[in-house]
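S.K.: give me a model of this one.
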Amino acid sequence: MIKLFSQIRKQLVSQNSIRKYLLYALGEIFLVMIGILMALQVNTWNDERKSRKTEINIYEEIQDDLSASLRDLMSGLATHNERLDMTTKLRDHLIKKNPLTDSLVDYLRNTNNDDQFFPKTSGFEALKSVGLRTLRNDTLRENITNLYQLGFERVVGLGRDKAPIRNFEFMTPFADKYSQVTDGSGYYLPNFQNDSIFIYPTMIHNYEEMLKDDLLILKLQEAIWLRIFKIRNYTRIIRWTNGLNSQIEQELDRLRNAD
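M.R.: Purely as a prediction, here's the structure:
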């Protein structure tokens, strides 16, 4: 092609046709400009594909993280609901001064049971490493950031390992005071060495004193309120996580079909 243009240029010069030569020169400049524009367009298209692929990969990783985090949240919510039921039944049983039953020791020993949420954050960390602006959907980027840095952090802060003030350790002295190990028939608990360890059962101790313990009733009430507070937070974050997951799925559909 270059050789052909050179021959045409020489021919026009030899013919001393200035007008035709100028037209040819303009045409050649035009073709060069078209070539440059096409090259720029191809580069822009390739850059767009690379950016879109990076976005898709990050969104997919965040989606996987949200699924894992959601399973942990659901497990924690189930724990709190179960322990709330136990604590409420124990409080009501003691207030009504009902006779001692075998289930009371389980209720008492589980009043201090708490949960610790561990969100999976590898996708969000990957996003921060490449820059938050990698996600070009401003609304979705803000929603992701808010969930990880506000929503998840709040639930983490409510856990047994992170919130010594807002955990249920205040119930431990009562569980220790009014329960004891017996030498009755227990059960074998398998351990990691494929062996078993015998676990002795526990029973309520000094039930008559327990019935008169007004401080215990007060602390059971406090545990119920704290449990409800945590359940509300877990429920809200679960709803938030599900909603964000749906938003990401919609954005992924758009990016995958962009071509």
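S.K.: list the helices and strands the host helix or strand of Q250 packs on?
M.R.: Using DSSP states H and E, Q250 sits in helix 214-256. Contact analysis of helix 214-256 by 3 or more CB pairs under 8 Å, 6 or more residues apart in numbering; DSSP states H and E lists helix 18-95, helix 138-146, helix 152-157 as its packing neighbours. Using the backbone N, CA and C atoms, a C-beta is placed for each residue, glycine as well.
S.K.: how about the contacts made by A163?
M.R.: G157 (CB atoms under 8 Å, 6 or more residues apart in numbering).
S.K.: give me the three-state assignment for it.
M.R.: coil (DSSP: H, G, I helix; E, B strand; the rest coil).
S.K.: where are the low-confidence patches of this structure?
M.R.: Residue ranges of the chain with pLDDT under 70: 1-48, 184, 186-189, 191-194, 259.
S.K.: backbone phi and psi for the spatially closest residue to Y207 that is not a sequence neighbour, please?
M.R.: Distances taken as CB to CB, 6 or more residues apart in numbering place L100 nearest to Y207, at 4.8 Å, with adjacent residues excluded. As for L100, its main-chain torsions (degrees, to the nearest 10) stand at phi -60, psi 140.
S.K.: ok, M203 next?
M.R.: phi -150, psi 160.
S.K.: state the distance from it to Y107.
M.R.: 13 Å (CB to CB, to the nearest Å).
S.K.: joint contacts of the two?
M.R.: In contact with both M203 and Y107: no residue, using CB under 8 Å, 6+ apart.
S.K.: please say which of these two ends up with more neighbours.
M.R.: Higher neighbour count among M203 and Y107: Y107, with 22 against 15, using other CB atoms under 10 Å.
S.K.: wait, that one touches L84, no?
M.R.: No - applying CB atoms under 8 Å, one finds Y107 not in contact with L84, separated by 11.1 Å.
S.K.: count of neighbours near the residue nearest to Y207?
M.R.: 14.
S.K.: use 58 as the first number from now on
M.R.: Understood, numbering begins at 58; the last thing we discussed is L157.
S.K.: residues contacting R198?
M.R.: Here R198 is in contact with L189, R190, L192 (CB under 8 Å, 6+ apart).
S.K.: now the buried members of those residues.
M.R.: L192 (16 or more other CB atoms under 10 Å).
S.K.: any chance of the contacts of R198 in TSV, plus secondary structure and distance to L273?
M.R.: Below are the contacts of R198 laid out as TSV (DSSP: H, G, I helix; E, B strand; the rest coil; distance: CB to CB, whole Å):
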residue	secondary structure	distance to L273
L189	helix	50
R190	helix	55
L192	coil	52
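S.K.: closest to F286 among the contacts of R198?
M.R.: Using CB to CB, L189 comes nearest to F286 of those, at 31.6 Å.
S.K.: show the contacting residues for that closest one.
M.R.: Remark: with contacts taken as CB under 8 Å, 6+ apart, L189 is in contact with R198, T202.
S.K.: any idea how far E182 is from it?
M.R.: Counting by CB to CB - L189 and E182 are separated by 12 Å.
S.K.: before we move on, what about R313?
M.R.: For R313, the distance to E182 - CB to CB - is 24 Å.
S.K.: again with M228
M.R.: For M228, the distance to E182 - CB to CB - is 36 Å.
S.K.: these two: which is more packed in?
M.R.: M228 (23 against 12).
S.K.: just checking, that one touches A280?
M.R.: Yes - with contact defined as CB under 8 Å, M228 counts as touching A280 (5.7 Å).
S.K.: any residues in contact with both of those two?
M.R.: Common contact partners of M228 and A280 (CB under 8 Å, 6+ apart): T168.
S.K.: can you list contacts of stretch 135-147?
M.R.: 160-161, 163-165, 167-168, 170, 172, 277, 280-281, 284-285, 287-288, 291.
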